[in-house]
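Engineer: need the 3D shape of this:
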Amino acid sequence: MLQRQRFVAVGILLFPILAPSQQSAPPSSTPITPRGDQSSYTLKVNSQLVLLDTVVRDQKGNAVRNLKRDGFTILEDGVPQPISAFEAIDTTAPSAERPVIHSTEELEKTTPNTPVTILVLDELTTRFEDEYFARYSLGKYLGAQNKTLSEPTILLARTYNRTMVLRDYTTSRKEILDALNRHFVGNAWRASVPEQASNLFGAGFASLIEVAKATEGHAGHKNLIWLGRGFPTIEWSNLTADQAGALQTAIVSCSNLLRDARITLYSINPSGISVSRESTVDSNGNLPLTDPFAGQIDFDTIAESTGGIAMHGRNDVDRMIAQAVGNGEVFYSLAYRSAAPSDDDPKKLHRIKVVMKDPRFIATSRDGYYTHNQESVAALQASGDVSDARELDLAGAINGLMVYSGIPLEVARRDKSDQYQITFPAEPLALEETDGKLTGQIDLIVLSFDRFGKALSKSGRVISLHLPALPAGTSENRKVTINATVENTGTAARIRFVMRAHLTGRIGAENYFLADRNLLKDPSTGLKVNRSQPK
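Structural biologist: Numbering: from 1, shown residues only. The predicted model follows:
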């Protein structure tokens, strides 16, 4: 199978991704079936609101519960803003629902608004001995938890060229520990890729974007806990004008993606190296209205801009993990209407500060936001196939194993044939009304892989959808089903389906396993073969 080298631009940087040659598949029909879902956490906001997931601690570092809306004041660029929505969330409370979750599919079907924890083992810039200590500390933390975790948790590992899904979302402590113990540390890439700062920065930045795009469909808050050094520091003074402009655009895009996905990033460096950082408040306790990205760009800056914390210089990494997880278990969700004009400069950061009525309490939340300026990407080649530019936009979804919930996909195979049905909700597509119908386009890419992770085939098409218009006052709750043919799958062990909505940019991705996933040697799983566990 011939492969060609492709490059994905992340800001100013390029990193290679191997992709198989492109094939074609015809568009399919769109039968409609009803859709229903359930939720347990209820805060909903629209695109006109800014949502702030806010942790409140007392002076001893303990979580503060049972606060009311009037205990908070939101400042945008120093100006107080009325709070439009408020919710107190505590997943550790005795009355809190603790559903049993074993996959992204179960998560979205049963509790689509529950907070979740995302654990990432950084094998990109972290030294081997520090990787070992991070794994040991994570195991120690998990060993001290209840058999059923308070939040659904996913375990990932990041190397230079891939994000490995060690364990999909689960509330089982045992399942996370088993996956941790079965993991191959992914350092093999170091033999073939120069460890240049630009390469590592690009891969680290791309991983944040990948996680944000993969999880944006889940409405609940996400605590992203990154165990490792993150990407190297970039100094603005070392960049050309063009490079600086491209990096600024990438920062804006990444910040918006993390914001929209409700991700708070916690950076935990297991190496024990202390990092001196300037305070983010002045001598009067006020937040300076300056851009946090105006100086050097590093992983800690990204974490703190999302409302997270950068933790260094301690040997009790298990306790740091516990602190980060705890911040995602007890928090407050506040929302207010943005004061930014519609024609605002997309590179202008609007600074946010949450001030507590009780001065004994300290609030930590996202420190600002950029207005959106989404750039369109050409979807079609002259042949009607998905364009190379759009494939670059989908690179992480195409080459990985992670389920993308931006468009939840349900995949069914027809009688062990090469025919598959892909069902998805119409709502994330934001179809437009044209001549009495709701219309829009999606990209569909289908790939097959053998049990070693080698790509066997790929097809990509742009599909036009036409649905009947909805009666006035009716909300979109329909599902769409399309058909896809996957050819030459005699040795295939996994089929991957990737979809992108043109109007919203949302991405859906799902795997269909033709073989027991516990027996795969696919590097995307990052796991040793386990012959004892069921499929």
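Engineer: all strands for the stretch 101-250 of the chain, in order.
Structural biologist: Assigned by DSSP state E, counting those that start in this stretch, the strands in the stretch 101-250 of the chain fall at 116-122, 148-158, 163-172, 222-227.
Engineer: just for this structure, where's the confidence low?
Structural biologist: Counting by pLDDT under 70, the chain has low-confidence residues at 1-48, 95-97, 186-196, 272-295, 342-343, 372-393, 488, 531-535.
Engineer: please repeat the previous calculation with a cut-off of 50.
Structural biologist: For the chain, residues meeting the criterion pLDDT under 50 lie at 1-47, 274-289, 375-378, 380, 382, 534-535.
Engineer: correct me if wrong: residue 216 contacts residue 505.
Structural biologist: No - taking Cβ atoms under 8 Å as the contact criterion, residue 216 and residue 505 are not neighbours in contact, 9.3 Å apart. C-betas here are computed from N, CA, C, even on glycine.
Engineer: settle it for me: which of the two has more neighbours?
Structural biologist: Neighbours per residue (other Cβ atoms under 10 Å) separate residue 216 from residue 505, with residue 216 holding more: 24 against 17.
Engineer: now do the contacts for the more buried one.
Structural biologist: 257, 260, 261, 405, 406, 506 (Cβ atoms under 8 Å, 6 or more residues apart in numbering).
Engineer: any idea how far it lies from residue 236?
Structural biologist: Residue 216 sits at a distance of 29 Å from residue 236 (criterion: Cβ to Cβ, to the nearest Å).
Engineer: tell me where this structure has helices.
Structural biologist: With helices called from DSSP state H, the chain shows them at 104-110, 128-143, 173-181, 197-215, 241-260, 299-305, 317-327, 388-393, 395-399.
Engineer: find the nearest non-adjacent residue to residue 404, please.
Structural biologist: residue 509 (3.8 Å; Cβ to Cβ, 6 or more residues apart in numbering).
Engineer: contacting residues around the one you found?
Structural biologist: With Cβ under 8 Å, 6+ apart as the criterion, the residues that contact residue 509 are 214, 397, 400, 402, 403, 404, 409, 496, 497, 498, 499.
Engineer: and for the first one, the neighbour number?
Structural biologist: The reference is to residue 214. Around residue 214 there are 27 residues (other Cβ under 10 Å).
Engineer: circling back: among the contacts of residue 509, which lie within strands?
Structural biologist: Assignment to strands by DSSP state E places the following of the contacts of residue 509 there: 404, 496, 497, 498, 499.
Engineer: could you dump those to JSON lines with neighbour count?
Structural biologist: As requested, these are exported to JSON lines (neighbours: other Cβ atoms under 10 Å):
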{"residue": "404", "neighbour count": "26"}
{"residue": "496", "neighbour count": "23"}
{"residue": "497", "neighbour count": "23"}
{"residue": "498", "neighbour count": "26"}
{"residue": "499", "neighbour count": "26"}
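Engineer: quick check, nearest of the residues you listed to residue 365?
Structural biologist: The closest of the ones in strands among the contacts of residue 509 to residue 365 turns out to be residue 404 (Cβ to Cβ; 26.6 Å).
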